[in-house]
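**Student:** Provided below are the primary sequence and the corresponding predicted coordinates.
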Amino acid sequence: MELLYKSTRNPDETVKASQAILKGLAEDGGLFVPQQIPQLDVDMDRLAGMSYQETAYEVMKLFLTDFTEEELKQCIANAYDEKFDTQEIAPLHEADGVYYLELFHGATIAFKDMALSILPHLLTTSAKKNQVKNEIVILTATSGDTGKAALAGFADVPGTKIIVFYPKDGVSPIQEKQMVTQKGANTFVVGIHGNFDDAQTGVKKIFGDRELAVEMDAAGFQFSSANSINIGRLVPQIVYYVYAYAKLYAAGTLKKGEELNVVVPTGNFGNILAAYYAKNMGVPIGRLICASNDNKVLYDFFSTGEYDRNREFILTTSPSMDILISSNLERLIYRIAGDDAQKNVELMQSLAKEGRYEITDEMKKLLADFAGGFATEEEVSDEIRRVYEKTGYVLDTHTAVASHVYRAYRKESGDDRKTVIASTASPYKFTRSVMNAIDPKYDAMDDFELVDELSVISKTKVPNAIEEIRTAPVLHDTVVEVEEMKGIVKKFLGM
Ligand SMILES: *Cc1c(COP(=O)(O)O)cnc(C)c1O
């Protein structure tokens, strides 16, 4: 059966999956959502024996119904290959009574690789299917990890260019180095004077610029998005929740139908939304625990029903979660509004104009699957040290936010169902914060000394992604003001 997608801001226009992937964002500024969430039609006993790639096919074919079997299998094979340093692709690590789902074994050692290693293939396949003649220009705002993962995914992919904007002073030194050393003739990396929300708002504005779209078309270009609003990113992220459940079932950890809680360190709400979709597909997932850092706009939303971005933006040691506007939340809002685009538009307009909105009590009731929590900076570093001292396992700062929130949630609620924590980055990506948490004495070391020391204390090999940038030359050094973003895009494209 063909699954179509519609915008969260306009119920009348429906598009096929490949078209939704090409467009990224709907023309009315809304996000594409499937008309209904398909039900997983394979038995858990069969899933238990499947590889990551096979699981990916079973899940993704239900969402990308206009892809042929051959096309989809080819995309999956191109994405989940030796770029990952383990055949399991997303292994589970048990430590201190909880299962860390390691989503950081791809090319850039953060969970963005899970989706961004397949998106370029989904996108170029979609372009072919829709007879697109223009070159596709990927425009992305990043709080650190998306940028590098998108650059790595799209570098030298024929028929594409990629432009990444990042907050100049809002990413870790290793994240910045990873981006500015990116190779590939079709890649552009630009720092902006502003924070992530400024970068994201700037990108959204360029996307919405009708005049520019016409000029671009005349020059043989069209934009697409690699941000987590693209369903080509959301759908691949559902896979690892199905996979994790199936592996725990295969190991006998979970009985058939036993509910599994999931904790997700959250920024743009993409990863946790994928877990919510997995639950709605029929995977026995219990609570979805949304973990925030000091930018706890989502925690406040889940506790009060009011979303309010009017607050100070705080730079933390988990920069990929330093976000005040969680774009993907709109998909959940739309759903709890009963798929009512009009109601959703009202709330989103209020967010755009006043920076806040409040949902109704009825909508709030539909959020019972979720719990919110947050961790302060001190709680994050305490959690890294605690888990290391107790088990020898080293968490990155983002995962530590989730890990702390999980402990607090479990204590407070008494909910002791088995739990998976989405482990979204390798500790090697945030080495300084991680090592300082373990022992402040490490602060005296330089970045790469810290890397080597982390390897010693965690008894793990330094990932290739880090080895590569030790000596790599800086290839991108452009820094602009927020107002100059559109101009620099045109310049890069030679327009
Ligand atoms: C992007 C990112 C997150 C947040 O994920 P969302 O899907 O934006 O909620 C958390 N941790 C890390 C390391 C990330 O890169």
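**Tutor:** Cool, got the structure. This one's a predicted model, so the numbers in the text were calculated from it and none came from an experiment.
**Student:** OK, contacts around residue 247?
**Tutor:** Counting by Cβ atoms under 8 Å, 6 or more residues apart in numbering, residue 247 makes contact with 48, 92. All C-beta spots, glycine's among them, are computed from the backbone N, C-alpha and C.
**Student:** rerun that using 7 Å as the cut-off
**Tutor:** Residues in contact with residue 247 (Cβ atoms under 7 Å, 6 or more residues apart in numbering) are residue 92.
**Student:** residue 417 reaches residue 286, doesn't it?
**Tutor:** Yes: taking contacts as Cβ atoms under 7 Å, residue 417 lies within contact range of residue 286: 5.1 Å.
**Student:** of the two, who's got more company?
**Tutor:** Using other Cβ atoms under 10 Å, the more surrounded residue of residue 417 and residue 286 is residue 286, with 16 against 13.
**Student:** helix, strand or coil: sort out the more buried one for me.
**Tutor:** Following DSSP: H, G, I helix; E, B strand; the rest coil, residue 286 is assigned to strand.
**Student:** contact residues of the stretch 301-450 of the chain facing the ligand?
**Tutor:** 320, 321, 398, 424, 425 (Cβ under 6 Å from any ligand atom).
**Student:** among the residues you listed, name the buried ones.
**Tutor:** Among these, those classed as buried by 16 or more other Cβ atoms under 10 Å are 320, 321, 398, 424, 425.
**Student:** which two among these are spaced furthest apart?
**Tutor:** Using Cβ to Cβ, those reach their maximum pairwise distance at 321 and 425, which is 10.4 Å.
**Student:** in helices, which of the buried ones among the residues of the stretch 301-450 of the chain next to the ligand appear?
**Tutor:** Counting by DSSP state H, these place residue 398 in helices.
**Student:** which ones among the buried ones among the residues of the stretch 301-450 of the chain next to the ligand lie within strands?
**Tutor:** With DSSP state E as the criterion, strands contain none of these.
**Student:** show me which of the buried ones among the residues of the stretch 301-450 of the chain next to the ligand is closest to residue 74.
**Tutor:** Nearest member of these to residue 74, counting by Cβ to Cβ, is residue 424, at 27.4 Å.
**Student:** give the closest residue to that closest one in space, chain neighbours not counted.
**Tutor:** Nearest residue to residue 424, sequence neighbours excluded (Cβ to Cβ, 6 or more residues apart in numbering): residue 111, at 4.1 Å.
**Student:** quick check on the one you found: phi, psi?
**Tutor:** phi -70, psi -20 (degrees, to the nearest 10).
**Student:** repeat that for residue 352.
**Tutor:** Torsion angles at residue 352 (phi, psi; degrees, to the nearest 10) stand at phi -70, psi -40.
**Student:** can you pull the contacts of the nearest residue to residue 88 once chain neighbours are set aside?
**Tutor:** Counting by Cβ to Cβ, 6+ apart, residue 52 is the residue found nearest to residue 88 once chain neighbours are left out, at 6.6 Å. When contacts are counted by Cβ under 7 Å, 6+ apart, residue 52 touches 80, 88, 89, 90, 243.
**Student:** figure out the helix or strand that the residue lying closest to the fourth one once chain neighbours are set aside lives in.
**Tutor:** Okay, so that is residue 90. Excluding the flanking residues, the one nearest residue 90 by Cβ to Cβ, 6+ apart is residue 240, at 4.5 Å. According to DSSP states H and E, residue 240 maps onto helix 231-250.
**Student:** what's the offset of that helix from the middle of its chain?
**Tutor:** 14 Å (Cα atoms, centre = their mean, to the nearest Å).
**Student:** give me the buried stretch members for that helix, please.
**Tutor:** Buried residues in helix 231-250 (16+ other Cβ under 10 Å): 231-249.
**Student:** please apply the same query to stretch 295-308.
**Tutor:** For stretch 295-308, by 16+ other Cβ under 10 Å, it's 295, 296, 297, 298, 299, 300, 301, 302, 305, 307, 308.
**Student:** with pLDDT added, can I get those residues in TSV?
**Tutor:** As requested, the buried residues of stretch 295-308 are arranged in TSV below (pLDDT from 0 to 100):
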residue	pLDDT
295	97
296	98
297	97
298	98
299	98
300	98
301	98
302	97
305	97
307	97
308	97
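**Student:** among the residues you listed, name the ones in helices.
**Tutor:** Per DSSP H, the buried residues of stretch 295-308 map to helices at 297, 298, 299, 300, 301, 302.
**Student:** which one among the residues you listed gets closest to residue 378?
**Tutor:** residue 299 (16.5 Å).
**Student:** list the contacts for whatever residue of the stretch 1-150 of the chain ends up closest to the ligand?
**Tutor:** Distances between the stretch 1-150 of the chain and the ligand by Cβ to the nearest ligand atom are smallest at residue 145, namely 3.2 Å. Residue 145 sits next to 110, 112, 175, 320, 425 when contact means Cβ under 7 Å, 6+ apart.
**Student:** isn't the second one right up against residue 146?
**Tutor:** Yes: here residue 112 lies in contact with residue 146, judged by Cβ under 7 Å, at a distance of 5.0 Å.
**Student:** more neighbours, the two?
**Tutor:** Between residue 112 and residue 146, counting by other Cβ under 10 Å, residue 112 is the more crowded of the two (33 against 27).
**Student:** which ones are touching the nearest residue to that one once chain neighbours are set aside?
**Tutor:** By the measure of Cβ to Cβ, 6+ apart, the closest residue to residue 112 outside its immediate chain neighbours is residue 149, 3.6 Å from it. Contacts for residue 149 (Cβ under 7 Å, 6+ apart) come out as 108, 110, 112, 113, 116.
**Student:** mind putting those residues into CSV with secondary structure and distance to the ligand?
**Tutor:** Converted to CSV, those look like this (DSSP: H, G, I helix; E, B strand; the rest coil; distance: Cβ to the nearest ligand atom, whole Å):
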residue, secondary structure, distance to the ligand
108, coil, 9
110, strand, 4
112, helix, 5
113, helix, 9
116, helix, 10
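**Student:** can you name the residues of the stretch 51-200 of the chain that neighbour the ligand?
**Tutor:** Listed as neighbours of the ligand in the stretch 51-200 of the chain under the rule Cβ under 6 Å from any ligand atom: 110, 111, 112, 145.
**Student:** can you rerun that using 5 Å?
**Tutor:** 110, 145 (Cβ under 5 Å from any ligand atom).
**Student:** surely residue 192 meets residue 169?
**Tutor:** No: using Cβ under 7 Å, residue 192 is not in contact with residue 169, being 9.9 Å away.
**Student:** which one's more surrounded, the two?
**Tutor:** With neighbours defined as other Cβ under 10 Å, residue 192 and residue 169 compare such that residue 192 has more, 25 against 12.
**Student:** residue 323 belongs to a strand?
**Tutor:** No: counting by three-state DSSP, one finds residue 323 to be coil, located in no strand.
**Student:** what's near enough to touch it?
**Tutor:** Residue 323 touches 143, 196, 197, 267, 268, 295, counting by Cβ under 7 Å, 6+ apart.
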